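A.B. asks: For reference, the sequence and a predicted model appear below.
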Amino acid sequence: MSELPQIYDRALGAYLGLAIGDALGATVEFMTPREIRQRYGVHRDIVGGGWLKLPAGRVTDDTTMALALGDALVAGHRAGSGFDMERVAQAYVAWWRGKPVDCGNTCRRGIVRYLREGSLESPPSDGDGGNGALMRNLPAVLANLHDEAAMLAQSLAQARFTHHHPLSDAAVLCFARMTRALVLGHGPTPCAVLADALASAHPVFRWLPYPGRASGYVVDTVQTVLHHFFTHRDFETAQIATVNLGDDADTTGALVGMLAGAACGARA
Ligand code: MN
Ligand code: MN
């Protein structure tokens with residue numbers, strides 16, 4: 001069992017890793033690997049730019065939606081009301097009204113549905129297989145390190161606010177369990193078991209041999225992140241290899257950063 005300062009260091013590592021991957025990857029989001037090579041050689045520095053024309057170091061929706069979720073969880077805890085999905089919904093609305101630099105279509109649709117109908121869960125939809133629920137779930141993990149059942153329930157609730165799809169659900173729950181194991185100091189071995197279980201339950205996620213697609217479809221995202229996390233144990237190498245695939249590079253970068261940052265901790 002890890003000491004509290006080590007758990008804190010790995011939790012911070014996960015969160016900073018998420019933000020770093022987002023800021024690094026945003027520069028090359030929606031580019032092809034060939035375009036990235038021509039423009040940057042190997043893209044390895046946080047220089048901003050990209051299709052969103054960001055200043056260097058600015059993060060995108062991946063990180064800012066996670067921050068909105070985290071604020072809602074902390075506020076609920078402080079108010080003594082515990083997990084309150086209505087509060088989370090309001091936080092996503094406030095995030096959206098704050099004119100974020102980017103907002104995915106499925107996220108926008110979910111927020112608009114809530115504003116119109118007040119419903120906290122999207123109806124199941126084949127179109128909800130994007131990575132938008134997965135990318136922002138870290139705070140639901142960090143808020144529930146002591147209680148896995150609560151972590152899984154809250155992860156699913158926040159996810160289905162915008163994305164209600166069996167593959168999104170499966171990815172969100174698997175990544176929540178993996179991140180929790182890493183932050184608690186259990187190391188990468190239980191993560192490999194959890195990832196294998198995901199691929200057994202849903203063979204579409206099998207990431208070996210790596211198919212090489214890094215799109216915002218949750219299957220492509222998960223394959224890219226798992227392949228790079230398990231191939232490169234070093235934070236920087238994993239990040240750089242991932243974002244140089246382009247496509248949804250801010251999100252694949254963010255998720256690899258989250259896992260690799262949880263594994264090594266913020267100080268490392
Ligand atoms: Mn983004
Ligand atoms: Mn993205």
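C.D. replies: That came through fine. Ligands and ions are numbered 1, 2, ... in the order given.
A.B. asks: which residues touch the residue in the chain positioned nearest to ligand 2?
C.D. replies: Ranked by CB to the ion, the top residue of the chain for proximity to ligand 2 is residue 251, at 3.6 Å. Placement of C-beta: from N, CA and C, glycine included. Residues in contact with residue 251 (CB atoms under 8 Å, 6 or more residues apart in numbering) are 22, 25, 62, 131, 135, 216, 221.
A.B. asks: try residue 143
C.D. replies: 70, 73, 74, 77, 83, 151, 154.
A.B. asks: if we look at ligand 2, which of those residues are close to it?
C.D. replies: Counting by CB under 5 Å from the ion, nothing from the contacts of residue 143 sits close to ligand 2.
A.B. asks: circling back to that earlier point, could you report the pLDDT at the residue of the chain closest to ligand 2?
C.D. replies: Looking at residue 251, its pLDDT reads 98.
A.B. asks: follow-up on the earlier one: are any of the contacts of residue 143 buried, and which?
C.D. replies: 70, 73, 83, 151, 154 (16 or more other CB atoms under 10 Å).
A.B. asks: The residues you listed: which two are farthest apart?
C.D. replies: Greatest spatial distance in the buried ones among the contacts of residue 143: 70 and 151, 13.7 Å, computed using CB to CB.
A.B. asks: Please render the contacts of residue 251 as a markdown table that adds secondary structure, pLDDT and neighbour count to the earlier fields.
C.D. replies: Formatted as a markdown table, those follow (DSSP: H, G, I helix; E, B strand; the rest coil; pLDDT from 0 to 100; neighbours: other CB atoms under 10 Å):
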| residue | secondary structure | pLDDT | neighbour count |
| --- | --- | --- | --- |
| 22 | helix | 98 | 30 |
| 25 | helix | 98 | 32 |
| 62 | helix | 98 | 31 |
| 131 | coil | 98 | 30 |
| 135 | coil | 98 | 30 |
| 216 | coil | 98 | 21 |
| 221 | helix | 98 | 26 |
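A.B. asks: From the contact counts, what lies against the helix or strand containing residue 141?
C.D. replies: When elements are assigned from DSSP states H and E, residue 141 belongs to helix 138-142. If you count contacts as 3 or more CB pairs under 8 Å, 6 or more residues apart in numbering; DSSP states H and E, helix 138-142 packs onto helix 4-26, helix 61-78, helix 148-160, helix 166-183.
A.B. asks: make it 10 Å
C.D. replies: helix 4-26, helix 61-78, helix 148-160, helix 166-183, helix 249-264 (3 or more CB pairs under 10 Å, 6 or more residues apart in numbering; DSSP states H and E).
A.B. asks: Cheers, nothing more for now.
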